[in-house]
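>>> Attaching a predicted model along with its sequence, questions to come.
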Amino acid sequence: MLLTVLLQAVTAGVGLSKLGAAIGAGMAVVGAGIGIGKIGGSAMEGIARQPEASGDIRMSMIIAAALVEGVALLALVVCLLILFL
């Protein structure tokens, strides 16, 4: 199924660069979701182990999640620029 969609996109004149940009945008979003999930899971585990350090852990988790979101947003913008330009 996926192969036929890819072949149709290539033969329709969409080009490999636009196809690569679309796949790259999807990978950026999936990667960010996995990264933030790991950050949240590790933070919850750390808070469960040391409840008295929950404020520091939460602050570090928010900073790390913001950095991951920033990188994902940058990747999405680059992929969308390639897709539409």
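That came through, no problem. Numbers count the residues shown, from 1 in each chain.
>>> Contact partners for the residue nearest to residue 18 when sequence neighbours are not counted?
Of all residues not flanking residue 18 in the chain, residue 83 sits nearest, at 5.4 Å (C-beta to C-beta, 6 or more residues apart in numbering). Yep, even glycine has a C-beta here, placed from its N, CA and C like the rest. The contact partners of residue 83, by C-beta atoms under 8 Å, 6 or more residues apart in numbering, come to 18, 21, 22, 25.
>>> Give the burial count for the third one, as a bare number.
Spelled out, that is residue 22. A count of nearby residues for residue 22, using other C-beta atoms under 10 Å, gives 16.
>>> any idea of the pLDDT on it?
The model reports residue 22 with a pLDDT of 79.
>>> Pull the contacting residues for it.
Under the criterion of C-beta under 8 Å, 6+ apart, the neighbours of residue 22 are 79, 83.
>>> Repeat that for the second one.
Contacts for residue 21 were tallied using C-beta under 8 Å, 6+ apart; they are 79, 80, 82, 83.
>>> Work out for me the element it sits within.
Under the criterion of DSSP states H and E, residue 21 resides in helix 16-49.
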